[in-house]
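[1] A structural model of the following input is requested.
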Amino acid sequence: MAISFDHTIVAARDKRESAQFLTELFGLPDPVPAGRFMAVRLEHGATLDYADVPDNEEIRPQHYAFLVSDDDFDAIYAKIQSRGLPHWADPAGERPGEINHRDGGRGVYFPDPAGHHMEILTRPYGSGG
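    You can find the predicted model right below:
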């Protein structure tokens, strides 16, 4: 049986702002309305479907990691720096302003507008290096 990931719902205070943040940072096509969601389509076809959460409801931060090429890492990291976004080399945030070099690649963590923990990395964990 072939099983592939199709979509996930991402909670946001402002679905358009959060979806646009990701598409601009990653150089992806603009998000598109999909019912009550703003959908961000990734290269392999899966979507992040951003949904507004009422102000009286808590958004529990989730972690979203994206495997990117070295060139994409350079472009995204340059935008992170030029926008003055806080970022860290580690998930605990103990190495602010740095990137990591796990498994011979590069990685960095940063928040999105809703407070989710975003990560870009150039090598999958455990791939050696």
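[2] can I see the domain layout of the protein?
    As given by automatic domain parsing, the domain ranges for the chain are 7-54, 62-129.
[3] where exactly do the helices run in the protein?
    Residue ranges of the helices in the chain, as given by DSSP state H, are 15-26, 70-82.
[4] who does the longest one touch, helix- and strand-wise?
    Where contact means 3 or more CB pairs under 8 Å, 6 or more residues apart in numbering; DSSP states H and E, helix 70-82 is packed against helix 15-26, strand 107-111, strand 117-121. C-beta coordinates here come from the backbone N, C-alpha and C atoms, glycine included.
[5] Check the burial of residue 64 by counting its neighbours.
    Burial measure for residue 64: 15 neighbouring residues, criterion other CB atoms under 10 Å.
[6] Using a markdown table, lay out the domains of the chain together with distance to residue 1.
    A markdown table is the format used below for the domains of the chain (distance: least, CB to CB, whole Å):
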| stretch | distance to residue 1 |
| --- | --- |
| domain 7-54 | 18 |
| domain 62-129 | 23 |
